[in-house]
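K.L.:
with the sequence up front, the predicted model follows.
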Amino acid sequence: MTASHALRDPATMLRRNLRHLQRYPGLSLFPILMPVVFLLLFAYVFGATLGDGIVTGGGRDAYIDFLTPGVLVFALAGAAQIVAISVAKDMTEGIIGRFKTMRIWRPAVLSGHVLGTLLLALVSLGGAIGVALLIGWDPSAGPLDWAAAIGLLVLLALALIWISVALGLVAKSVETASNLPMVMILLPFVSSAFVPTDSMPAGLAWFAEHQPFTPITDTLRALLDGGDAGGSGAAAVVWCVVLTVAGYTWARYLYDRRPAVAR
Amino acid sequence: MTDSSRPAISAVGVRKSFGDNVVLDGVDLEVARGTVFALLGPNGAGKTTMVRILATLIDPDAGEVRIAGHDLRREPDAVRDAIGVTGQFSAVDDLLTGRENLALMADLHHLAREERRRIDDLLARFALDDAADRLVMTYSGGMRRRLDLAMTLIGAPEVIFLDEPSTGLDPRSRRTVWEIVRGLVRDGTTVFLTTQYLEEADQLADRVAILDGGRLVAQGRAAELKARIPGGRIELRLADGATLAAAAAALGRPVPEGDDLTLQIPTDGNVTTLRGVLRTLDDAELDVVDLAVHTPDLDDVFLELTR
């Protein structure tokens, strides 16, 4: 297989997936709107009370600063969920069989899905950051901090998207595929994304401190709003790399092994 | 071996099992270039498995397969370059328009600019030009199948696999598909099709093979296969049981069991035999409700060989 296939085929598949996202707004609007809804919900409904718990007398403004990095992480989980559905939809239809009988660079189909979802995730992040700034988020980050924060968010996006691709391949139906990644949506709630982990009961706090979303959110918070990441930076990057490699390997294995339309 | 005499497809000893279930139990076949080969068989005979193996979708457990001169195991990409596949389930993208589906295929085949003119040619040839810019999810079953075929053809494959190409199509769309297949063969393409419609094989195929229980139970020209089984029959339907018994006695046939009041008389199909039967019934003053002369077709071959 030539190098030109390796460049052109994923680009072709990316164009296909972007058209899908554009023509299936029911699917693509969800990850763009959901973080904004959660941001407003948490800021205005729970924010005043939660903010006082984080900084004494801090109120809503303190909570918006705490909340925003958590919402960004949550936004990526929401965007990644979409790819499981689109991959499962592809796999239950005949078109994958057609792709597999053509001389296409083998990883192109999945790479196209991953790149399309990554772009959707970036749009979703942009929307959440914009709304957060409008409602009073005041990040202290300089250009380098921003670059590092975006780098970490992209790493996390890739990790969650590849895992979601694998979940889409493992699911026997589109319905199952839309449910399996629910774990990824729930995990940020049991992390430092929305409230500090030390406010949780001991067992839950232990879990929260040892799952990937906590070091990732803590690192992001330190980069964007200053403060000490407490050595979580390395853990955040390691988690992202490990999850990406695991998700990619699992997805490639499933894609090569699973027969196209087994009916 | 010269290039023109090399078969488009040759398979020797193809075996495939899924767990304990032996689906293909040593299949040998050869398809000459520029011909139509039809693989017939009842549901579950292994037709689709055979197509999936030949189309590089699954590996056989054993057997040697060469397509367009390339070994299936050692050069799968060369095989993929030479083939086009239209499966049983339509392989079109619902969220793209007809034209975008063809453009997607053109991109994946890395077609040059002048070759991309095929997109418009195919849209016109398959009567999809009016619907070209509509999303495929609005297409009828016949339109989807035509688009599916057009997508298979855009890479100008040497060998085309059609797995039950007219299943689920109305008679008019089925005829359109047949015309397309005939046109392809005129242009030198080799077509390998599976079907449950024996008429389809009879209409299209140069050679027919019947697959049953994972083995080819017959292979040859449709006419050769028909000649292998007992000839035709005259079917007489009679008004009631008493008439049926009398007619059977007059014609020297056993009284058939069961409720349908039909008497079958084997015949080689010549008119003298038919006249003799009618005269005998006339002499016995027996009324016939309905009469049909049945000449053997592939249905008979199929039923005879796959029971």
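P.N.:
Happy to help now that I have it. Numbering: from 1, shown residues only, chains lettered A, B, ... in the order given.
K.L.:
when you work out contacts or count neighbours from here on, use the C-alpha atoms and nothing else.
P.N.:
OK.
K.L.:
apart from its chain neighbours, what residue comes closest to the one residue sitting closest to the centre of chain B?
P.N.:
Ranked by distance to the mean C-alpha position of chain B (Cα atoms, centre = their mean), the top residue is residue B:195 at 3.2 Å. Excluding the flanking residues, the one nearest residue B:195 by Cα to Cα, 6 or more residues apart in numbering or on different chains is residue B:164, at 4.6 Å.
K.L.:
give me the number of residues near that neighbour?
P.N.:
22 (other Cα atoms under 10 Å in any protein chain shown).
K.L.:
give the contact list for it.
P.N.:
By Cα atoms under 8 Å, 6 or more residues apart in numbering or on different chains, residue B:164 lies in contact with B:87-88, B:193-196.
K.L.:
CSV please, covering those residues and showing distance to residue A:102, secondary structure and pLDDT.
P.N.:
Shown next, in CSV, are these (distance: Cα to Cα, whole Å; DSSP: H, G, I helix; E, B strand; the rest coil; pLDDT from 0 to 100):
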residue, distance to residue A:102, secondary structure, pLDDT
B:87, 13, coil, 82
B:88, 17, coil, 78
B:193, 18, strand, 93
B:194, 20, strand, 92
B:195, 23, strand, 86
B:196, 26, coil, 79
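K.L.:
mind giving me the packing neighbours of the top helix by length along chain A?
P.N.:
Scanning chain A for the helix with the most residues, using DSSP state H, yields helix A:59-91. Here helix A:59-91 touches helix A:25-41, helix A:47-54, helix A:108-134, helix A:143-170, helix A:174-179, helix A:182-186, helix A:213-225, going by 3 or more Cα pairs under 8 Å, 6 or more residues apart in numbering or on different chains; DSSP states H and E.
K.L.:
for those helices, which one sits closest to residue A:98?
P.N.:
Across those, residue A:98 has its closest neighbour in helix A:108-134 (11.3 Å, Cα to Cα).
K.L.:
local confidence estimate at the closest residue to chain A within the stretch 51-200 of chain B?
P.N.:
Going by Cα to the nearest Cα, chain A is nearest to residue B:91 of the stretch 51-200 of chain B, at 4.0 Å. Looking at residue B:91, its pLDDT stands at 89.
K.L.:
ok, it - contacts?
P.N.:
With Cα under 8 Å, 6+ apart, residue B:91 has these contacts: A:93-98, B:148.
K.L.:
look up the closest residue to whatever residue of the stretch 201-307 of chain B ends up closest to chain A, ignoring the ones flanking it.
P.N.:
Closest contact between the stretch 201-307 of chain B and chain A, by Cα to the nearest Cα, is at residue B:214 (18.2 Å). What sits nearest to residue B:214 in space, not counting adjacent residues and going by Cα to Cα, 6+ apart, is residue B:24, at 4.0 Å.
K.L.:
ok, residue A:156 next?
P.N.:
According to Cα to Cα, 6+ apart, the nearest residue to residue A:156 is residue A:240 (5.3 Å).
K.L.:
what's the helix or strand that contains the one you found packed up against?
P.N.:
According to DSSP states H and E, residue A:240 maps onto helix A:232-257. With contacts taken as 3+ Cα pairs under 8 Å, 6+ apart, helix A:232-257 sits against helix A:143-170, helix A:213-225.
K.L.:
the longest one packs against which elements?
P.N.:
In other words, helix A:143-170. Counting by 3+ Cα pairs under 8 Å, 6+ apart, helix A:143-170 packs on helix A:59-91, helix A:108-134, helix A:174-179, helix A:213-225, helix A:232-257.
K.L.:
output the below-cut-off pLDDT ranges for the stretch 151-300 of chain B.
P.N.:
Applying pLDDT under 70 to the stretch 151-300 of chain B flags the ranges B:229-231, B:268-269, B:298.
K.L.:
what does it put close to chain A?
P.N.:
Residues of the stretch 151-300 of chain B found near chain A (Cα under 8 Å from any Cα of the partner chain): none.
K.L.:
contacts only, for residue B:141.
P.N.:
Taking Cα under 8 Å, 6+ apart, one finds B:168-169 in contact with residue B:141.
K.L.:
if you could redo that for residue A:53, that was the one I meant.
P.N.:
Taking Cα under 8 Å, 6+ apart, one finds nothing in contact with residue A:53.
K.L.:
residue A:61 versus that one, what's the distance?
P.N.:
Note on residue A:53: its distance to residue A:61, by Cα to Cα, to the nearest Å, is 12 Å.
K.L.:
and for residue A:153?
P.N.:
For residue A:153, the distance to residue A:61 - Cα to Cα - is 24 Å.
K.L.:
more neighbours: these two, which one.
P.N.:
Neighbour totals were compared for residue A:153 and residue A:61, and residue A:153 leads with 23 against 20 (other Cα under 10 Å).
K.L.:
can I get the helix or strand harbouring residue B:218 as PDB, trimmed to CA atoms?
P.N.:
Here residue B:218 sits within strand B:215-220, counting by DSSP H and E. C-alpha atoms of strand B:215-220 as PDB (Å, rounded to 0.1, in the frame of the first residue of the first chain):
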ATOM      1  CA  ARG B 215     -20.800 -29.300  -2.200                       C
ATOM      2  CA  LEU B 216     -21.500 -28.600  -5.800                       C
ATOM      3  CA  VAL B 217     -24.000 -31.300  -6.800                       C
ATOM      4  CA  ALA B 218     -24.100 -30.200 -10.500                       C
ATOM      5  CA  GLN B 219     -22.400 -27.900 -12.800                       C
ATOM      6  CA  GLY B 220     -22.800 -27.100 -16.500                       C
END
